[in-house]
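>>> have a look at this fold, sequence not included:
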Ligand SMILES: Nc1ncnc2c1ncn2[C@@H]1O[C@H](COP(=O)(O)OP(=O)(O)OP(=O)(O)O)[C@@H](O)[C@H]1O
């Protein structure tokens, strides 16, 4: 059985310091939900609150309709996977997996059946009689995952489960984790600081900073329509350019470096309080296009790198700023280093933020975070 988790104005304090000042979000039943953010933003703290290892100083955490604040960790029916595997070294793989069921006094035949089923799902049948010391890191982490899910938990919590593995294994195991989570359908909260990993495994991601969720949404929405400049810089690569936004009754346009004009049709007019506003424009490397139009942004190619599918260019603009441009590789053409080029923006894709970067002025942001930072953002005067 899987459940929904409701974080309702949750507060965590250490002494006087509120590391989570008030956080609200709903995790859906069966969802793969990831907490993503830089070191110290409060991901582990929040995960430990779900498990019951951390006290709650305000608000409530509910599993479906039940308030869990004072429920002991052992009564929460949670499976956990940590980065350091946490499996018993002296027990075989099979015994490690059976351990939680034996503790719960599950009948022997049922233990046999469940362990065999999980060995199959996690694809470690052939190692079932080995001791952990004779397994690779990735195989040990599969055992840890099997141990966590064999007890049929309501919630699966994972804290950086891949961070001790090498790059190739990380990709292999993250795909396995995603597949297994969908097969068993357990509501999952996953912690990572690796944005690519978060995008690869999650149904939804909450990008955190300083104990607040900045943006919660699908990987696609967070990438294409980040709620603020922090989110756009944290997820994927971004070129940030200063610009001026002019809004008249006829049209809205941005002017970059006093020269390059781009008409935009997707600005949230209700947020524009002045005919002339300083803004910051975020252009992903693939949202630049080369043009023969000399009204484009002029620059000089500093470095061209053929990467197979794509070609990567670093271009120094007249302003002295360097931007990164990615184009699908052409079979014969590589723009040589030193060439003068003109760039235009894919105007439907770029994001425009207010001067301090706290609000995306572009239409299409879908932010499910219902915490205080959200209402502050909505009230920002521009
Ligand atoms: N027991 C504690 N006492 C005091 N402060 C703490 C304690 N545990 C964590 N903190 C502080 O709370 C904040 C959030 O820490 P947390 O471990 O949740 O961050 P994180 O996002 O998981 O970081 P990382 O990715 O480095 O693990 C940090 O500023 C940390 O120093």
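Received the coordinates, thanks. Note that the structure is a prediction, hence the values are computed from the model and not measured. Residues are numbered from 1 along each chain as shown.

>>> and the longest helix seen in the chain, what does it pack onto?
Criterion DSSP state H: the longest helix present in the chain is helix 167-184. Helices and strands touching helix 167-184, by 3 or more Cβ pairs under 8 Å, 6 or more residues apart in numbering; DSSP states H and E, are strand 32-36, helix 108-121, helix 137-149, helix 195-201. Where C-beta positions appear, they are placed from N, C-alpha and C, glycine not excepted.

>>> for the ligand, find the nearest of these.
strand 32-36 (7.8 Å; Cβ to the nearest ligand atom).

>>> list the contacts of that closest one.
Strand 32-36 is touched from outside by 27, 43, 46-47, 178, 181-182, 187-195, 198, 201-208, 234, with contacts defined as Cβ atoms under 8 Å, 6 or more residues apart in numbering.

>>> on that earlier part again, dump the helices and strands packed on helix 167-184 to JSON lines, plus mean neighbour count, distance to residue 62 and mean pLDDT.
Output for these, formatted as JSON lines (neighbours: other Cβ atoms under 10 Å; distance: least, Cβ to Cβ, whole Å; pLDDT from 0 to 100):
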{"stretch": "strand 32-36", "mean neighbour count": "24", "distance to residue 62": "15", "mean pLDDT": "98"}
{"stretch": "helix 108-121", "mean neighbour count": "15", "distance to residue 62": "28", "mean pLDDT": "92"}
{"stretch": "helix 137-149", "mean neighbour count": "23", "distance to residue 62": "22", "mean pLDDT": "91"}
{"stretch": "helix 195-201", "mean neighbour count": "19", "distance to residue 62": "24", "mean pLDDT": "95"}
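
>>> hang on, the earlier thing: which of the contacts of strand 32-36 are close to the ligand?
43, 193 (Cβ under 6 Å from any ligand atom).

>>> which residues does the longest helix of the chain contact?
32, 121-123, 136-138, 141-142, 145, 149, 156, 158, 161-162, 165, 188, 197, 200-201.

>>> what helix or strand is residue 303 located in?
In this assignment (DSSP states H and E), residue 303 forms part of strand 297-306.

>>> same question, residue 98
Going by DSSP H and E, residue 98 is in helix 93-103.

>>> so how far is that helix from its chain's centroid?
Distance, stretch centre to chain centre, for helix 93-103: 33 Å (Cα atoms, centre = their mean, to the nearest Å).

>>> no further questions, thank you.
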